[in-house]
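# This is a predicted model, with the sequence first.
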Amino acid sequence: MENLHRPVLAWYSASARDLPWRAPEATPWAVMVSEFMLQQTPVKRVLPVYEEWLRRWPTPAALAADAPGEAVRAWGRLGYPRRALRLHAAATAIRDEHGGEVPSSHAALLALPGVGEYTAAAVASFAFRQRHAVLDTNVRRVFARAVDGQEYPANATTAAERRTANALLPDEPETAATWAVAVMELGALVCTARSPECGRCPIRSDCAWRQAGSPPHQGPARRGQTYAGTDRQVRGKLLAVLREAHDSVPQAELDKVWEDSVQRARALDGLVADGLVEPVAPGVYRLPR
DNA sequence: TACCCGTGGCA
DNA sequence: TTGCCAAGGGT
């Protein structure tokens, strides 16, 4: 299996994108911000928001000192705005419980709001150069193909995948950290979900899926996520109004975004329950302070 | 475990 | 045009 290391690392050295959170001067906080923003969101859309965010809040304490609603506003249209709230909460926890410094241990990272198994491993690996299996959708797909001979991984991360990732992890922490980001980059640029460019793949001769003739995925199709008409769409429309207003918004403004008043009220209640919206007075709302 | 949570680009 | 998909986490 170690025969995969050299070609993947060489490919990464020659082909890696020049992303700001990979720059030597990127702080652990910058890496953490990028990881929150990149959860389910493409790099291209993250870049401008990331730059603005770090200019405005260069440290966890700087973000924690501002209102959570400002984080939600600055999040813009990245989607899943609860991530902005969680990043603000993580910054507060870092200020209050870690002396303002992003913790380096996987366990301490995992305890932060919005940090799950992937993000904890990613920050520990990318920012602190530790040895961790980093299993994101790209890495899982690369291993599913190269190791298991399957076009796509299972819906949820399995114990077998963790075993595979750990078995393939180089021994040296620094090499492991580069390997982790290199496999991820390979999945993002070459071993893509829709139309992998196997001709450019550094491990095509070792790929189990290719050796098997690149068989199509078997089993049930992944659940397509419908969006039109869902509460999520209504929440998005409501929050867009609140983001663009720089103060409180009367109910009448919110009523314009969706015809169905029952669904509209349910969506607004959900936003309030999530802490994304704050009721100021009967029929008046704003982003949380 | 399965489902909920945004948004936009692309084949 | 429309379904698929994008560096997941929380419950």
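It's in. This one's a predicted model, so the numbers in the text were calculated from it and none came from an experiment.
# Tell me, domain by domain, which residues of chain A belong where.
Per the record, chain A has its domains at A:27-126, A:231-286, by automatic domain parsing.
# anything in the longest one near DNA strand B?
Pointing back at domain A:27-126 there. Yes - on the criterion CB under 7 Å from any atom of the strand, domain A:27-126 is in touch with DNA strand B at A:40-42, A:44-45, A:77-82. Where you see a C-beta, it was placed from the backbone N, CA and C, and this is true even at glycine.
# With pLDDT and neighbour count added, can I get those in CSV?
Shown next, in CSV, are the residues of domain A:27-126 next to DNA strand B (pLDDT from 0 to 100; neighbours: other CB atoms under 10 Å):
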residue, pLDDT, neighbour count
A:Q40, 97, 10
A:T41, 97, 16
A:P42, 97, 10
A:K44, 96, 7
A:R45, 97, 15
A:R77, 97, 12
A:L78, 98, 22
A:G79, 98, 14
A:Y80, 98, 15
A:P81, 98, 23
A:R82, 98, 15
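# so which pair among those residues is furthest apart in space?
Spanning the widest gap among the residues of domain A:27-126 next to DNA strand B are A:K44 and A:R82, at 21.8 Å by CB to CB.
# Leaving out chain neighbours, which residue sits closest to A:A144?
Excluding the flanking residues, the one nearest A:A144 by CB to CB, 6 or more residues apart in numbering is A:P153, at 4.0 Å.
# was I right about A:W75 contacting A:P81?
Yes - between A:W75 and A:P81 there is a contact at 5.3 Å, judged by CB atoms under 8 Å.
# Return the residues in contact with the residue of the stretch 101-250 of chain A found nearest DNA strand B.
DNA strand B sits closest to A:G236 of the stretch 101-250 of chain A, with a gap of 1.6 Å, by CB to the nearest atom of the strand. Neighbour list for A:G236: A:G79 [criterion: CB atoms under 8 Å, 6 or more residues apart in numbering].
# Got phi/psi on it?
Phi and psi for A:G236, reported as degrees, to the nearest 10, are phi -60, psi -40.
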